[in-house]
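> Sequence first, predicted model second:
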Amino acid sequence: MNISRFKALGEGLLVPVAVLLLWQVACSAGWVNPMVLPSPAAVAARWWSYLAPLEAYDPATESWIAWIFSGELIHDSLASLSRVVMGFAVGAGLALPLGLFMGTSDSIYRYVNPLMQLLRPIPPIAYIPLSILWFGLGNAPAVFLIAIGAFFPVLMNTIAGVRHVDSIYIRAARSLGASRLTIFRRVILPAATPYILSGARIGIGTAFIVVIVAEMIAVNNGLGFRILEAREYFWSDKIIAGMLTIGLIGLAIDLAVSRLNNHLLRWHRGLES
């Protein structure tokens, strides 16, 4: 199994490494303007300076651990992650119960679904002027936009999961005398869980996309803000370093959520705990 994992890792790294090598060769040969597209070595150097502490270590003023984590990149990453967590918690916290109600009740679905279908195609960035008008600048409009981005993937997948529960399971539970609450807890909710978790995974990814846009507009820290700041000074290497950081954090979040889904759905796939 370990050999297959190493093989899969090697295959996954083959194309990125080849792209980096071609990129470095093109920059070293002078085929591209370094102000427009800096070399991978320049991006790595900027990324390290972005990560490193801004000031020299002084044991009289702070601990060694606090100094290690005092770099600008770490602070910006934590700021972005905190906004993603808050926005996703708000969006998913509203979408999950609403999706369960809409999925289990035809009358609620008929009344609410037209409004949801009207609002769903509107991209979160279209709410930027209203979010600033309603909440001003700071974390509040960013969390609002992230919540909108996370809301609809969770909502639609929850509705789909509840409404796609095989009716034979529900009829079997009724024939055994189960109440509506028991059917919901023991039949509908477990059967809809794979859909709900898939919606949560999509919602987290969408939330991380939205946070970058929101930080370019409404706040004065975070990865999105730092990329916009680098654009003002034409720091292409810092822009790319920020973009790669976003990609790495997004990849880590997606892998973590995927592993969590696999762990929670072991019973669904027939695996032993």
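Received the coordinates, thanks.
> per-residue confidence for the closest residue to residue 240 other than its chain neighbours?
Excluding its sequence neighbours, the residue lying closest to residue 240 (CB to CB, 6 or more residues apart in numbering) is residue 43, at 4.9 Å. Yep, even glycine has a C-beta here, placed from its N, CA and C like the rest. The score at residue 43 is 89. That number is its pLDDT.
> what residues does the helix or strand residue 43 falls within touch?
If you go by DSSP states H and E, residue 43 is part of helix 40-51. With contact meaning CB atoms under 8 Å, 6 or more residues apart in numbering, helix 40-51 is reached by 20, 23-24, 27, 34, 38, 71-74, 235, 237-238, 240-242, 244-245.
> Mind giving me the packing neighbours of the helix or strand following it?
Scanning forward in sequence from helix 40-51 by DSSP H and E, the next helix or strand is helix 64-68. Helices and strands touching helix 64-68, as assessed by 3 or more CB pairs under 8 Å, 6 or more residues apart in numbering; DSSP states H and E, are absent.
> Okay, angle between the next helix or strand after helix 64-68 and helix 40-51 too, please.
Counting by DSSP H and E, the next helix or strand C-terminal to helix 64-68 is helix 72-104. When axes from the mean of the first three to the mean of the last three CA atoms, to 10 degrees is applied, the directions of helix 72-104 and helix 40-51 differ by 90 degrees.
> Show me what helix 72-104 packs onto, helices and strands only.
Judged by 3+ CB pairs under 8 Å, 6+ apart, helix 72-104 is in contact with helix 40-51, helix 106-119, helix 139-163, helix 189-215, helix 223-232, helix 236-264.
> what inclination does the helix holding residue 43 have with respect to helix 223-232?
120 degrees.
> So which bits of helix 40-51 are buried?
Applying a neighbour-count criterion of 16 or more other CB atoms under 10 Å, one finds 40, 42, 43, 44, 46, 47, 50 buried in helix 40-51.
> Next one: the first one from residue 171, what distance?
Which is residue 40. Note on residue 40: its distance to residue 171, by CB to CB, to the nearest Å, is 61 Å.
> The fourth one too?
Separation of residue 44 from residue 171 (CB to CB): 61 Å.
> same question, the third one
In this view, residue 43 and residue 171 are 60 Å apart by CB to CB.
> do the same with the second one
Shown here: residue 42 relative to residue 171, a distance of 65 Å by CB to CB.
> got the contact list for residue 257?
So residue 257 contacts 200, 201, 204 (CB under 8 Å, 6+ apart).
> Which of those has the largest number of neighbours?
Most neighbours among these, by other CB atoms under 10 Å: residue 204, with 24 neighbours.
> Provide a list of residues in contact with that residue.
For residue 204, the contacting residues are 84, 88, 150, 253, 254, 257, by CB under 8 Å, 6+ apart.
> For this protein, which residues score under the pLDDT cut-off?
Residues of the chain meeting the criterion pLDDT under 70: 1-2, 57-58, 60, 62, 267-273.
> The same query, at a cut-off of 50, please.
By pLDDT under 50, the low-scoring segments of the chain are 1, 271-273.
> how much space between the residue nearest to residue 240 and residue 231?
Look at residue 43 and residue 231: by CB to CB, they are 15 Å apart.
> cool, and residue 105?
49 Å.
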